[in-house]
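> Predicted model and sequence follow; I will ask about them next.
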Amino acid sequence: MLIDEAAPRPPAQVPPPLVPGLRGLLTLAVGVVLVTALYFGREVFIPLVLAVLLSFVLAPVVNLLRRLRLGRVPSVIVAVLLALAVIGGIGAVIGTQVAGLAGDLPQYQATVQKKFAGLQAGWLGNASRIFQRFNHQVHNATQKADAAGTAASTGPAGDTPKAQLVKVQEPDPSPFTLAEKVLGPIVEPLTTVGIVLVVVVFLLLQREDLRNRMIRLFGSGDLHRTTMAMDDAAGRLGTYFLAQLGMNATFGFIIGLGLWFIGVPNPLLWGVFSALMRFVPYIGAFLSALFPLALAAAVDPGWSMVIATAILFLVVEPLFGHVIEPLLYGHSTGLSPFAVIVSTLFWGFLWGPIGLILATPFTVCLVVLGRHVDSLEFLDIILGDRPPLTPVENFYQRMLAGDPDEARDLGEAMLKERSLSSYYDEVALKGLQLAANDYARGVVTPAQLENIRASARSLVEDFEDRPDVEPSGEDKAVNPNETPTLAERTHFKSEAVPGQAPPREMLPESWRGETPVLCVAGRGPLDEASSAMLAQLLRKHGLEARVVPYGDVSREQIRSLDLTGVAMVCISYLDITGSPAHLRYLLERLRKKAPTVKLLVGLWPEGEKVLTDASLGRQVGADVYVSSLRQAVEACLEAATDDSETVDQAA
């Protein structure tokens, strides 16, 4: 049904507030049960999660060994033994370094006492004395009040009960209690490591079997897509975790080396500690600097070692976080900053310190899963760092808000990866269609419609000097290695319109006018904007064009329409749902006005019947039907070229 601005529109209706249904309440209940299970079952889930993450790290190593013609089982065993050796080596280093540090603590304590004695002789001592004097006055006042209260309660005799000394004698610990206290802190981590390694072995040995079972559960309806998604997710996660592990290990090595040059004791311990703490996003690396700073203050009688240690962390962490990581593998996590903070707090609350380290890798798993599984797309929307709206929705939202500058920024970003004609076809026209549909439903007010019109005109004017060509490789903004979101996968990209019209002097006489192409807007409220985009693209490909509104071709005004120098008329419609009778009558009027002019009808919404039904197309009466601006420009170029060749052959 065509939109007529003069026709009455249904009033905008605000739907009543939604009441949570049974399915929503059930989802909430499942979420609460899941969080509760994660909290109370952390002793079971933590080893499993560690095993899964470690299997992602070791999967590339196993694949490499298998490419070296080592069998599956030997490859898995070698990779797990290598991981065990690394974990054991790290544990041994930490143990020996902590033991050495504990032996030197008395010496460090003496240095700290001397340093604080020197500080107390200066401004710190003055501040301390002032605080002590104030505290002494408060204490005296409190004692006087207590004495007055005691005298009132004991009476004139002043008899007070005497305190009785009670001694609590604990029984001697049994051998089992002693063994538990001594071996408990050692056995528990070793048990966790053993469970993790056993689970890792089975995960690596039965990867394909587990993948097939997951496909059977979640994606048996589309085996190809599900298989490709799971393989791609596993490969990307393995690469990411391995790269993150390498980056953090390098960070720890540089920190340890720098601390060794500075002279801070136990630099190997602090390097390992910094590498582990860097898995905690944003604040982990800086928190790892607290202990070396405190130790530097305890070792050095002055402050030069403390300052050098602080400079080391303040230089190395921003260098890794903002320079090396983006150059190495783009976005460091693929998570939004807010999601990183929330996930860190969430997993830290559930699983304690180990949750802080696992928060980012585990949340990355959820985001990658959301990018491949339709039903879990909400995870990518909530946690991911990429735009949740499609480019079409972003375009419409900015137009609706009357913000042409923001719409231009979005357009400039998209034009780094696609041509102008592709942007108009796949983004701008579809966004205008959303606006036209909402206006027909009565949810877009006239003021908002005028904002959209003005923003569309401004956008076309801003892109007047931009050619319709494919962007060069260095200008493309999208990383080809990134997995597109589900919203991005529904948004296609077409190539730029090829070719240019012949020079004006080589065109036939009918195409040498000032504006050989006339772009006529349809009856819709935003058809003029689509006609302006078509006219601009035609000019960029060597054919001058001008735009006229629908009122100029109405029954009353078409007699005064100037078609001098016009060789082709292009009519644009964002919506022609229903009977195309009015379009047939419009074409009849144009035929009578200019019998030799070719008529092109652009029906931008795909699926219109007139585009596929040849008999209906002949009945309507146009020479060419197209469904995109690209096809319209190609049709005009082809018509101009054919007429030129006909003139050349006649000559």
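Noted; the coordinates are in hand.
> Could you use CA atoms for every contact and neighbour count after this?
Fine.
> Could you look up the SS state of L600?
Put simply, L600 is strand when judged by DSSP: H, G, I helix; E, B strand; the rest coil.
> Might you report the residue contacts of it?
Neighbour list for L600: 568-571, 622-626, 632 [criterion: Cα atoms under 8 Å, 6 or more residues apart in numbering].
> what separates it from S572, distance-wise?
9 Å (Cα to Cα, to the nearest Å).
> pLDDT below threshold where in the stretch 551-651 of the chain?
Applying pLDDT under 70 to the stretch 551-651 of the chain flags the ranges 576-580, 605-614, 643-651.
> What segments of it are helices?
581-593, 609-612, 614-620, 629-650 (DSSP state H, counting those that start in this stretch).
> among these, which is nearest S304?
Set against S304 and scored by Cα to Cα, these come closest in helix 629-650, at 67.5 Å.
> that older thread, CSV please, covering the helices of the stretch 551-651 of the chain and showing mean neighbour count and distance to L518.
Listed next are those as CSV, based on neighbours: other Cα atoms under 10 Å; distance: least, Cα to Cα, whole Å:
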stretch, mean neighbour count, distance to L518
helix 581-593, 16, 11
helix 609-612, 15, 21
helix 614-620, 14, 19
helix 629-650, 18, 11
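> Of all those, which one comes closest to P388?
Comparing the helices of the stretch 551-651 of the chain by Cα to Cα, helix 629-650 comes nearest, at 27.0 Å.
> And the most centrally placed residue in the chain, what's its pLDDT?
A centroid search over the chain (Cα atoms, centre = their mean) returns D385, at 1.7 Å, as the residue closest to the centre. Per-residue pLDDT puts D385 at 71.
> In space, what's closest to it - neighbours in sequence excluded?
S336 (4.1 Å; Cα to Cα, 6 or more residues apart in numbering).
> Double-check that R546 belongs to a strand.
Yes: under three-state DSSP, R546 sits within a strand.
> and the gap between it and R618?
According to Cα to Cα, R546 stands 27 Å off from R618.
> thinking again about what came up before, nearest to S458 among the helices of the stretch 551-651 of the chain would be which one?
For S458, the closest of these is helix 629-650, at 18.9 Å, according to Cα to Cα.
> For burial, what's the neighbour tally of P301?
Using other Cα atoms under 10 Å, P301 has 14 other residues around it.
> I'd like to know which elements whichever strand or helix holds R398 is packed against.
Using DSSP states H and E, R398 maps to helix 391-400. In terms of contacts (3 or more Cα pairs under 8 Å, 6 or more residues apart in numbering; DSSP states H and E), helix 391-400 is packed against helix 404-414, helix 429-441, helix 446-462.
> So what touches it?
404, 406-407, 410, 426-428, 430-432, 434-435, 448-449, 451-452, 455-456, 491.
> mean confidence score for stretch 324-335?
pLDDT averaged over stretch 324-335 gives 61.
> Give the next helix or strand downstream of the strand or helix carrying Y240.
Using DSSP H and E, Y240 sits within helix 223-262. Next helix or strand after helix 223-262 toward the C-terminus (DSSP H and E): helix 267-277.
> list the helices and strands that next one packs on?
Judged by 3+ Cα pairs under 8 Å, 6+ apart, helix 267-277 is in contact with helix 72-103, helix 223-262, helix 284-287.
> And the helix or strand following the shortest one, what's buried?
For helix 284-287, the succeeding helix or strand toward the C-terminus, using DSSP H and E, is helix 290-299. Applying a neighbour-count criterion of 16 or more other Cα atoms under 10 Å, one finds 292-293, 295-299 buried in helix 290-299.
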